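# one predicted model, sequence on top.
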Amino acid sequence: MGRATNASPAAKRGRRRQTIIQLVATVFFNGYLVGFAEGKIYTGPSKAVCVPVLNCYSCPGALGACPIGALQNAIGGVGAGFPFYVLGSIMLFGIVLGRLICGVLCPFGFVQDLLHKIPSPKLRVPARIDRPLRWLKYVVLILLVVLMPAFIGPGSGANAPSFCKYLCPAGTLQAGIPLLATNPELRAVIGWLFDWKMLVLVAILALSVFAPRPFCRYLCPLGALYSVFNKFSAYQMRVDQHACIHCGTCKSVCPMDVYITETPASPECIRCGRCKPTCPTCAISSGLLGGPDGRKGLGGRASLDNRDNPGSLGNGDNSGGREHRLGHAPDSAPSGNAD
C-alpha cells in the first residue's frame with residue numbers, strides 16, 4: 001500500500017532543501033553546457049578527477065570522471081596496475097560521507113526523486129521480495145564492475161566497462177540520449193545494445209514513479225560500495241533512544257524503507273534526512289563525526305523552544321505534546337509498516 005503523504009511544514013521545507021542541493025550538485029557535476037549544445041564530450045583537465053557520484057564520463061556536460069567507470073577501466077585496462085587512485089577516491093568519499101552522497105548529491109538519484117513526486121499510487125515492495133533484491137547491487141558490483149572487466153578486458157586487448165556497456169541507466173540518460181540527439185552519424189549505427197539499455201532506463205524511470213529509488217535500492221554498484229562505509233563514516237545519523245517513542249513515522253517517510261531508530265547506521269540509509277523533521281520528539285539527528293544537528297540540517301529544522309512541546313514538532317500544531325512526554329504515540333501516528 002501507499003506511504004503516508006501528509007507532510008508537515010517542516011518536512012516540506014526539508015524536502016525543498018534537499019531538492020535544491022540535488023539540483024545544484026547535478027549542475028555542478030554537469031556544468032559544461034557547450035557540450036550539450038554541440039554534442040561533444042568535455043575532455044579538459046578536470047576529467048582526470050573522479051566525482052563522488054554515478055555520473056557518466058561520456059555525458060556532454062560532465063566535468064569529471066565517474067568512479068565506477070574509472071574503476072572498470074583501471075581493472076580491465078591492458079597493463080594496468082592496481083587502481084590505487086580510483087579506490088582511494090571512493091574510500092575517501094565513503095569514509096567522510098557514506099551514503100549521504102546517494103541521498104543528496106547523486107544526479108540519477110535526483111531524477112528518481114523527481115519522478116516519485118508525480119501523483120500516482122505509491123507502492124511498498126513486500127519485505128520478502130525487497131530484502132533479497134537488495135543483494136542484487138552487490139552482485140552487479142562484483143560481476144559487472146570487477147570480474148567481467150578483469151577477465152574480459154585483458155583477454156580481448158581492450159577495456160571492457162561491462163556495467164556501463166550493458167546496464168547503467170544513468171549513462172543512457174546522461175550520455176546516450178543527448179549524444180544521439182545531436183549526432184546523426186551515431187544514430188545510423190545504433191543497434192540492439194542501445195535498445196536494451198533504453199528498455200532498462202525506461203523500466204527504472206517508470207518504477208520510480210510508483211516506488212522510491214528502485215535503482216539505488218537494487219542495482220547501483222556505487223551505492224553498494226558506499227554502504228560498506230555507512231557504519232563508520234564521519235557523517236552519521238543518531239537516534240536518542242530516550243526520546244524515541246517508536247511511532248514508526250520515520251520509516252513511513254523513508255525512501256529506502258529503513259527503520260532508522262533500530263539501525264541508525266544501516267547500509268541502506270542514504271542519509272536524505274527526511275526522517276528528522278517528521279519525528280514528533282526530535283529524537284533523530286545527524287552530522288559530521290556524529291555531531292547532533294537534528295534541529296538544523298538537511299532534513300529540516302525544529303526550534304529549540306519546541307523541545308518543551310514535542311507535540312508541535314512534525315505536525316504543525318501543539319496537539320499530542322502531553323502524550324509524547326508521557327511516552328505514548330498520538331493516535332494519528334502511522335504504524336511502523338505503513339501498510
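Ah, there it is.
# from here on, just use CA atoms for contacts and neighbour counts.
Will do.
# what about P184, neighbour count?
If you count neighbours by other C-alpha atoms under 10 Å, P184 ends up with 10.
# quick one: it from G223, how far?
Here P184 is placed at a distance of 35 Å from G223 (C-alpha to C-alpha, to the nearest Å).
# ok, now T172?
On the measure of C-alpha to C-alpha, T172 and G223 end up 18 Å apart.
# look at these two and report which has more neighbours.
More crowded of T172 and G223, by other C-alpha under 10 Å: G223, with 26 against 22.
# that one against R99, yeah?
Yes. Here G223 reaches R99: they are 6.8 Å apart, a contact under C-alpha atoms under 8 Å.
# Q236 sits in which helix or strand?
Per DSSP states H and E, Q236 falls inside strand 235-239.
# what residue ranges in this structure score low on pLDDT?
1-7, 78-80, 153-159, 290-339 (pLDDT under 70).
# what ranges do the strands span in it?
235-239, 284-288, 296-297, 300-301 (DSSP state E).
# how far off strand 284-288 does the strand holding Q236 point, in degrees?
Angle of strand 235-239 versus strand 284-288, following axes from the mean of the first three to the mean of the last three C-alpha atoms, to 10 degrees, is 160 degrees.
# from the chain's centre, how far out does strand 235-239 sit?
17 Å (C-alpha atoms, centre = their mean, to the nearest Å).
# who are the packing partners of the top helix by length along the chain?
Longest helix in the chain by number of residues (criterion: DSSP state H): helix 9-29. Counting contacts by 3 or more C-alpha pairs under 8 Å, 6 or more residues apart in numbering; DSSP states H and E, helix 9-29 is packed against helix 100-104, helix 107-116, helix 275-278, strand 300-301.
# show me what contacts C56?
62, 65-66, 69, 170-171, 174-175 (C-alpha atoms under 8 Å, 6 or more residues apart in numbering).
# against I129, how distant is it?
From C56 to I129 the distance is 30 Å (C-alpha to C-alpha).
# equivalent analysis for C50, please.
In terms of C-alpha to C-alpha, C50 sits 34 Å off from I129.
# so which of the two has more stuff around it?
C50 (23 against 9).
# can you count the residues close to the closest residue to that one other than its chain neighbours?
Leaving aside its chain neighbours, C50 sits nearest to A65 (4.6 Å; criterion: C-alpha to C-alpha, 6 or more residues apart in numbering). A65: 24 surrounding residues under other C-alpha under 10 Å.
# give me every residue that touches A65.
Shown in contact with A65 (C-alpha under 8 Å, 6+ apart): 47-51, 55-57.
# if anything else comes up later, I'll come back, but that's it for now.
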